[in-house]
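>>> build the 3D model from these lines:
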Amino acid sequence: MNKKTTDNLAMFRGRGFTLIEVLITVFVMALGMLGFAALQTQGIKFNRTADLRTQATQLTYNISDRIRANVTAAVNGTYVASSQPSPAYDCSSSFSGTATVNVCSPTEMANADLDIWYDSLTTALPSGTGSISCADSDATDADPCTRGSLHSIQVQWQEAEGTGFASQTFSLNIQP
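Next up is the predicted model:
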């Protein structure tokens with residue numbers, strides 16, 4: 001072999017080596033991009049989970065504030081519920097259909113609060129439901145839920161987990 005042929009072979013080998021380097025670089029970059037896409041997917045999933053839990057917390061505190069604002073109905077046990085009531089009146093804007101014209105009684109207000117709360121649960125949370133119970137602290141009196149008794153508020157919803165769904169619950173105990 002002469003010197004010119006040897007130089008051409010060396011140059012040819014150098015080009016092939018550069019092509020292999022480029023292919024390896026593209027492969028490593030593709031793996032990096034796949035890893036980044038997986039991280040993005042997990043981030044979106046965790047963000048959705050956090051959003052649902054935030055919604056559940058806010059809705060629970062919303063009804064607890066409504067219970068504290070209407071202690072008369074709380075003592076009467078009106079806020080104790082496991083399903084949505086169907087009030088035929090409006091305690092938000094026109095007060096139409098109430099027992100006393102233009103006035104909502106504490107019981108009517110509690111039913112309207114529960115109606116709004118249950119609507120919010122089904123709108124904000126997937127398969128969202130809720131319940132409110134009362135542990136009467138004084139069973140000897142006539143009140144179904146004596147003032148200062150513990151009200152337990154529970155909100156349940158479905159959350160994506162793995163390949164299926166898992167039931168989640170947020171609970172809060174208050175004493176109105």
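
>>> end-to-end on stretch 118-133?
Distance across stretch 118-133, first residue to last, is 15 Å (Cα to Cα, to the nearest Å).

>>> and the contacts of it?
The contact list for stretch 118-133, computed with Cβ atoms under 8 Å, 6 or more residues apart in numbering, reads 52, 55-56, 59-60, 62-63, 67, 79-85, 114, 117, 151-159, 165. To be clear about C-beta, it is placed using only N, CA and C from the backbone, and glycine gets the same treatment.

>>> what about it, average pLDDT?
In this model, stretch 118-133 has a mean pLDDT of 94.

>>> now stretch 20-32
91.

>>> one step back: just the buried members of the contacts of stretch 118-133?
Neighbour-count burial (16 or more other Cβ atoms under 10 Å) applied to those gives 52, 55-56, 59-60, 63, 67, 79-81, 84, 114, 117, 151, 153-159.

>>> show me where the protein has helices.
Secondary structure of the chain by DSSP state H: the helices cover 3-69, 71-75, 106-124.

>>> helix 3-69 and the last one, what's the angle between them?
The one in question is helix 106-124. Interaxial angle, helix 106-124 versus helix 3-69 (axes from the mean of the first three to the mean of the last three Cα atoms, to 10 degrees): 170 degrees.

>>> before we move on, back to that, looking at the helices of the chain, which is closest to Ser94?
If you check each of those against Ser94 by Cβ to Cβ, helix 106-124 wins as the nearest, at 12.0 Å.

>>> who touches Arg66 in this structure?
110, 113, 117.

>>> look up the closest residue to the last one, ignoring the ones flanking it.
For Trp117, ignoring the flanking residues on the chain, the nearest one in space by Cβ to Cβ, 6 or more residues apart in numbering is Ile63 at 4.7 Å.

>>> nearest to Ser171, out of the helices of the chain?
helix 3-69 (7.9 Å).
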